[in-house]
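1. Sequence and computational prediction follow.
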Amino acid sequence: MQRILVIGCSGGGKSTLARKLGQRLDIPVIPLDSIWWQPGWVPLGHEKLRPLVEKMVAEESWIIDGNFPDTFPKRLARADTVIWIDRPRLVNFARAFGRFLKLRGTVREEMGEGCPEKFDLEFARYIWTYNREVAPRMAALIRQHGSHTEVVRLRKDSEIAEFLEAI
């Protein structure tokens, strides 16, 4: 594993897993949220994100944390592994809300500067509808562009721990 995509719903543990993988494999971790979200939660925009992603995936090794279906085919073309954290929406929702309660007013390291932790209606809706709206798009993109990649689907904390232990 040299070029790894970590995908899944917010609150599922993507960033934590990506960070742990990066440490174990000594591979740089790129959280896409830190690039996409500009101060004050202003999105960078797809036209500006695309060339940045192209530059990132040209590198020899990386772990990219984030869904962003618009750039997924470019990332998937170079990836050798996709790790999909696939938890039930109630788990994602509870974890994301708990993270908000714990960290509100602070900026997580995988977020853009000037983007303090928040939990609003738009974010809640994204989490609640992820398995119905985003996950099928990601699965279709993997089928379409990812026949060369190994896809690892992790659904529980125990599966994530076993996966990390095996590395």
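-> Okay, I see it. Numbers count the residues shown, from 1 in each chain.
2. could you pull out the strands for this protein?
-> Remark: strands assigned in the chain by DSSP state E are 3-8, 29-31, 37-38, 42-43, 62-65, 81-85, 150-154.
3. need the ones you listed in CSV with mean pLDDT, can you?
-> Listed next are these as CSV, based on pLDDT from 0 to 100:
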stretch, mean pLDDT
strand 3-8, 98
strand 29-31, 96
strand 37-38, 94
strand 42-43, 95
strand 62-65, 97
strand 81-85, 97
strand 150-154, 97
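4. can you redo those as CSV with distance to T106?
-> For the C-beta atoms, the positions are set from N, CA and C on the backbone; glycine is no exception. Converted to CSV, those look like this (distance: least, Cβ to Cβ, whole Å):
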stretch, distance to T106
strand 3-8, 22
strand 29-31, 16
strand 37-38, 14
strand 42-43, 19
strand 62-65, 19
strand 81-85, 23
strand 150-154, 27
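5. ranking these by burial, who's on top?
-> Most buried of the strands of the chain by mean neighbour count (mean count of other Cβ atoms under 10 Å) is strand 3-8; its value is a mean of 26.
6. so how far is that one from its chain's centroid?
-> Here strand 3-8 is found 6 Å from its chain centre; the criterion is Cα atoms, centre = their mean, to the nearest Å.
7. That one to strand 81-85, inter-axis angle?
-> Interaxial angle, strand 3-8 versus strand 81-85 (axes from the mean of the first three to the mean of the last three Cα atoms, to 10 degrees): 20 degrees.
8. who touches strand 3-8?
-> With contact meaning Cβ atoms under 8 Å, 6 or more residues apart in numbering, strand 3-8 is reached by 14, 17-18, 21, 27, 57, 61-67, 72, 75-76, 78-87, 138.
9. Recalculate using a threshold of 7 Å.
-> The contact list for strand 3-8 (Cβ atoms under 7 Å, 6 or more residues apart in numbering) reads 14, 17-18, 21, 61-65, 67, 75-76, 78-86, 138.
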